[in-house]
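[1] model this:
(one chain, ligands or ions: 1)
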Amino acid sequence: MTLSGRSFDPTRPPVSTTGPVVDYSLARRSTLEALRGGRLATTDVCDAHPELMRAGKNIGEEVPAPCPVCSHETLRWVRYVYGDDLKHNSGRVVYPTDWLHELMANYDQFTCYIVEVCTDCAWNHLMRSYVTGRKFAGRPPLRERKQQG
Ligand SMILES: [Zn+2]
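    Below you'll find the predicted structure:
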């Protein structure tokens, strides 16, 4: 389910989020705890969508940390944007990274999702989502605002 941040499906718009920034690190931690406790199987969490895997391999941003499941250094971040304002750009991968600035200058409001994916074992989890766009111009970068734990 998208609500928990697991099994991100890039072909379907995720459930719209309520706040400007949603941090999924707690959900991620509880998913990993469930995996270690045997309440979830590896196949439950290592099920990255083929498109997400491809995006991770080809244009994903390298994450300086080992995969929490297979321990390989194959973690990548992939950013997706969704929103009615974006029209045909909705659901696209943000690449190159600068393209996001272009979107922010041209569209009033859309949501950016950052997804962690392991290109080895296919572990994937939503990391963070935030609402941005022209309406939000001039505000401090949202991504640094909420740092906990
Ligand atoms: Zn892995």
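
[2] I figured residue 60 was touching residue 119, is that so?
    Yes - between residue 60 and residue 119 a contact is recorded at 7.1 Å, counting by Cβ atoms under 8 Å. C-beta: built from backbone N, CA, C; applies to glycine.

[3] give me the common contacts of the two.
    Common contacts of residue 60 and residue 119 (Cβ atoms under 8 Å, 6 or more residues apart in numbering): residue 76.

[4] which one's more surrounded, these two?
    Under the criterion of other Cβ atoms under 10 Å, the comparison of residue 60 against residue 119 puts residue 60 first, with 24 against 20.

[5] wait, what's in contact with that one?
    Counting by Cβ under 8 Å, 6+ apart, residue 60 touches 76-78, 117, 119.

[6] quick one, longest helix in the chain?
    Ranked by residue count, the top helix of the chain under DSSP state H comes out as helix 25-36.

[7] that helix and the ion, are they touching?
    No - using Cβ under 5 Å from the ion, we find that helix 25-36 stays clear of the ion, coming within 11.7 Å at best.

[8] list the buried residues in that helix.
    Within helix 25-36, the residues scored as buried using 16 or more other Cβ atoms under 10 Å are 27-28, 31-32, 35.

[9] would you turn those into CSV with pLDDT?
    As requested, those are arranged in CSV below (pLDDT from 0 to 100):
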residue, pLDDT
27, 94
28, 96
31, 96
32, 97
35, 97
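
[10] now, among these, which is nearest to residue 44?
    Taking Cβ to Cβ as the measure, residue 44 lies nearest residue 35 of the buried residues of helix 25-36, at 7.7 Å.

[11] wouldn't that closest one be in contact with residue 45 here?
    Yes - checked against Cβ under 8 Å, the pair residue 35 and residue 45 is within contact range at 5.7 Å.

[12] shared neighbours, the two?
    Here residue 35 and residue 45 share the contacting residues residue 69, scored by Cβ under 8 Å, 6+ apart.

[13] elements contacting the longest helix of the chain?
    Judged by 3 or more Cβ pairs under 8 Å, 6 or more residues apart in numbering; DSSP states H and E, the packing partners of helix 25-36 are helix 42-45, strand 124-132.
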